[in-house]
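Novice: dropping the sequence and predicted coords here.
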Amino acid sequence: MMYAMLCQNRVIEILTGCEEAPAWPPTPEGYPITAVECDETIQRGMIYNPETGEFSEYIPEPVEPAIPEPTQLDNIEESQLIIMEALAEQYELNEERHIDDLEIKAEIYEAILELGGNM
């Protein structure tokens, strides 16, 4: 007879030529290992459904790619980007103030010219 040795419903070994079901001790983690009669179509890694008594291929769930931990260089670059953005914002504010000052001066000169005055 042929037996599939199962640990947590996964085939970990196939034994052939056994007259009766093998008995294995539990894993070092304490998981029991059980023997289920099978045929030559069963392979290591397959999954056993104890409710239906059927074996199926193991299909691993897709693994999300690990997000790498930021390095010190990444942190420095991020800090530099924040500083550069703050400087750009400050520059824009200064330019807006300068334009406002020029507009005010232009209005003053226009008012003086309307009054006919000389400077």
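Specialist: The structure has been received and is ready for your questions. Numbering: from 1, shown residues only.
Novice: which residue packs closest to Glu54, ignoring adjacent ones?
Specialist: Tyr48 (7.6 Å; CB to CB, 6 or more residues apart in numbering). Yep, even glycine has a C-beta here, placed from its N, CA and C like the rest.
Novice: name the helices or strands packed onto the helix or strand harbouring the one you found?
Specialist: Element membership for Tyr48 (DSSP states H and E) is strand 47-49. Packing contacts for strand 47-49, counted by 3 or more CB pairs under 8 Å, 6 or more residues apart in numbering; DSSP states H and E, involve strand 10-16, strand 54-56.
Novice: and the average pLDDT for the shortest one is what?
Specialist: In other words, strand 54-56. Per-region confidence: strand 54-56 scores 94 on mean pLDDT.
Novice: residues contacting it, please?
Specialist: When contacts are defined by CB atoms under 8 Å, 6 or more residues apart in numbering, strand 54-56 is touched by residues 4, 11, 38, 41-42, 46-49.
Novice: what do you get if the cut-off is 6 Å, keeping everything else the same?
Specialist: Residues from elsewhere that reach strand 54-56 (CB atoms under 6 Å, 6 or more residues apart in numbering): 42, 46-48.
Novice: equivalent analysis for the first one, please.
Specialist: Strand 10-16 is contacted by residues 2-5, 22, 44, 46-47 when judged by CB under 6 Å, 6+ apart.
Novice: which of those residues sit farthest apart?
Specialist: Maximum pairwise distance among these (CB to CB): 19.8 Å, between Pro22 and Ile47.
Novice: which one of these two is surrounded by more residues?
Specialist: Ile47 (15 against 12; other CB atoms under 10 Å).
Novice: could you check how far the more buried one is from Arg10?
Specialist: To Arg10, Ile47 is 6 Å away according to CB to CB, to the nearest Å.
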